[in-house]
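Participant: coords please:
(chains A and B)
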Amino acid sequence: MKRSRFPMIVTGIVLLFFYLPILVLVINSFNASRFGSTWEGWSLQWYARLYQQEEIWHALRNTLIIAFTATGLSVILGSTAAFALHRYQTRLQRIHYTLIYTPLVVPEILMGISLLLFFAATGMELGLFTIFLAHVTFCISYVALVVLGRLQDFDYSIVEAAQDLGANWWETTWRVLLPLLAPGIVAGGLLAFTLSIDDFVITFFVAGPGSTTLPIRIYSMIKHGSPPLINALSSILLLITFVAVWFSQRLTEEKP
Amino acid sequence: MKKQNASLSEWLATLPSLIWLTILFLIPTLIVFAITFKPADPFGGIGSGWTLETLRKLRNPNYPAIIWRTIWLSIVTTTICIILATPAGYFIARLKQRWRQIFLLLVIVPFWISFLVRIFAWKVLLHPEGLVKKVLVSFRLVQGDTSLLYNPEAVLLVMVYTFLPFAILPIYAAAEKFDFRLVEAARDLGAHQLQAFFKVFLPGIRRGLLTAILVVFIPALGSYVIPDIVGGPNAEMVGNKIAQRVFVDRNLPQASGLSAFLILAVLLPMVAVLVLQGREKKATPIIGEEA
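Facilitator: Sure, this is the predicted structure:
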């Protein structure tokens, strides 16, 4: 019985479709030509030009401040949430799960506009702090689900054993629970970090003057700026994400 | 005594995230509906008192066309994604362990690439001086003066590009659990290859298909950046109108009126899936599956 080759061909086309545009973009970032359509030789001039852009460094600073703080808080909130979801099967946890899950399904623009309206209604000034609040809000769900996935094959009797041997709540948490959950928590944290660095839509709605982040900067460059610079900036971002993916893959593959 | 302790620690572990999401997710979502009935103040904020002004403004003659375009673009995007994702998910699920991991990683990586970068890559390709245009012109498939950018077709293409990985993953997850001996049994019993695919495989991965439809269709309805960058004035979607009300004319009540409509439009398919799920008496929820 011969298997059809059709699925293989479709998969091949799909992968080509995924990677061709990215490949063209990266190659063009080394193109000396101002217009990507003709090849005028290898050049690093766009990277050099990028380096001199004052606004990009400022935007990068904002992005990193938000990414680190939002990741920190969302890892704490998300891991605690995952623990509760895994440990208890109550009505409260059903509500809790719905509240954790729904932000993942809702289109980003709705989250952005609803937070903007909330901040406007409560009279909060838009800026880095409102971006931080927004990022923690969408990161909690991702961290919680990643850690929850890790918890699925977690043997709770280890914790009970520690308690039987006389460990108190604090010791059990710090010396038994956290080290065992660390790979999941780090993977969740890396996901939160990359999501925070990449987020445009929600950030755009809750950003104020002076709180421009890198994606907002890229967006205005796409709208008004010069394409070769964006090519170079995108290629750097790609490199960073690939390193992050590789790192988190290694973390999630290794089982304790 | 012991029991009370347990519930206290449950509350301690639950409350932080529960309170955070209630204040910064649930309440803001509900506020969208409330602000629809508020007047705008001249400084771009929200005035006091209540009014039906926004609802009257929503009867703008342009809106039905934009709403209709949003819906059909989302439906066509979802259809194309499912048509491409089903064979891809099937193919990856039938691979040997090692190859399967490599292909899976290839599908996941685009998730990690900045959304703006992926859209920009297409803007460059479709640009009048771009590669796609040149190739198409050299094969005489399009005329030299046709614009590939700034039309609904460009938006559709980039939407499929962006959402396709979302469709492949749940379909693959379902296909991986599917018992392929059923397909072989069907073939042995005389079913044609296509018959086996449509009558045995597709019903077998039904839940994965439903998840895939949901995770493509819902974000598609809320698209805003894609039509903003590769679409023109005749390719606007509801998301663009919301953004214009916020960033161009700074009329928050009108933006919230449109958003309230979008929330209802998003809830509809979600409720439909929940109902479908309720009919199938299975414990695992469709919505909870790998998204």
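Participant: just want the most central residue of chain B.
Facilitator: Centrality entry for chain B: nearest residue to the mean C-alpha point is residue B:219, 2.6 Å, by Cα atoms, centre = their mean.
Participant: return the distance of residue A:251 relative to chain B.
Facilitator: Counting by Cβ to the nearest Cβ, to the nearest Å, the separation of residue A:251 from chain B is 14 Å. Bear in mind the C-beta positions are built from the backbone N, C-alpha and C, glycine included.
Participant: burial of that residue, as a residue count?
Facilitator: The number of residues packed near residue A:251 is 16, by other Cβ atoms under 10 Å in any protein chain shown.
Participant: correct me if wrong: it contacts residue A:189.
Facilitator: No. Assessed by Cβ atoms under 8 Å, residue A:251 is found out of contact with residue A:189, at 9.9 Å.
Participant: rewinding a little: which element is the residue nearest to the centre of chain B on?
Facilitator: Taking DSSP states H and E as the definition, residue B:219 sits inside helix B:206-221.
Participant: what comes up buried for that helix?
Facilitator: B:207-221 (16 or more other Cβ atoms under 10 Å in any protein chain shown).
Participant: contacts with chain A among those residues, please.
Facilitator: B:214, B:215, B:218, B:219, B:221 (Cβ under 8 Å from any Cβ of the partner chain).
Participant: I figured the fourth one hits residue B:159, correct?
Facilitator: By that I understand residue B:219. No. Between residue B:219 and residue B:159 there is no contact under Cβ under 8 Å: 9.3 Å.
Participant: just checking, residue B:241 touches residue B:67?
Facilitator: No. When contacts are counted by Cβ under 8 Å, residue B:241 is not listed as touching residue B:67 (9.1 Å).
Participant: neighbour count winner among those two?
Facilitator: Per other Cβ under 10 Å, whichever of residue B:241 and residue B:67 has more neighbours is residue B:241, with 23 against 17.
Participant: who touches the more buried one in this structure?
Facilitator: The contact partners of residue B:241, taken as Cβ atoms under 8 Å, 6 or more residues apart in numbering or on different chains, are B:63, B:66, B:258.
Participant: quick check, pLDDT for the closest residue to the second one other than its chain neighbours.
Facilitator: Excluding its sequence neighbours, the residue lying closest to residue B:66 (Cβ to Cβ, 6 or more residues apart in numbering or on different chains) is residue B:236, at 5.6 Å. Here the pLDDT value assigned to residue B:236 is 90.
Participant: and residue B:236, how far from residue B:65?
Facilitator: Going from residue B:236 to residue B:65 by Cβ to Cβ, to the nearest Å gives 9 Å.
Participant: let me see the contact set for the residue of the stretch 1-150 of chain A found nearest chain B.
Facilitator: Nearest residue of the stretch 1-150 of chain A to chain B: residue A:107, at 2.3 Å (Cβ to the nearest Cβ). For residue A:107, the contact set (Cβ under 8 Å, 6+ apart) comprises B:218, B:219, B:221, B:222, B:223, B:239, B:262, B:266.
Participant: give me that answer again for 10 Å
Facilitator: When contacts are counted by Cβ atoms under 10 Å, 6 or more residues apart in numbering or on different chains, residue A:107 touches A:113, A:201, B:218-224, B:238-239, B:259, B:262-263, B:265-266.
Participant: looking at those, which one is closest to residue A:74?
Facilitator: residue A:201 (17.8 Å; Cβ to Cβ).
Participant: apart from its chain neighbours, what residue comes closest to that closest one?
Facilitator: residue A:108 (4.0 Å).
Participant: same question, residue A:97
Facilitator: Using Cβ to Cβ, 6+ apart, the closest residue to residue A:97 is residue A:85 (5.8 Å).
Participant: cool, and residue B:246?
Facilitator: residue B:255 (4.8 Å).
Participant: part of a strand, is that neighbour?
Facilitator: No. Under DSSP: H, G, I helix; E, B strand; the rest coil, residue B:255 falls outside any strand and is assigned helix.
Participant: make sure it is actually in contact with residue B:247.
Facilitator: Yes. In this structure residue B:255 lies within contact range of residue B:247 using Cβ atoms under 10 Å: 9.3 Å.
Participant: between these two, which one's more packed in?
Facilitator: residue B:255 (27 against 11).
Participant: going along the chain, name the helices of chain A.
Facilitator: Taking DSSP state H as the criterion, chain A contains helices spanning A:6-28, A:45-51, A:54-87, A:91-105, A:108-121, A:128-151, A:157-164, A:169-171, A:178-198, A:201-206, A:214-224, A:227-253.
Participant: anything in stretch A:64-73 near chain B?
Facilitator: Yes. Counting by Cβ under 10 Å from any Cβ of the partner chain, chain B is contacted by stretch A:64-73 at residue A:73.
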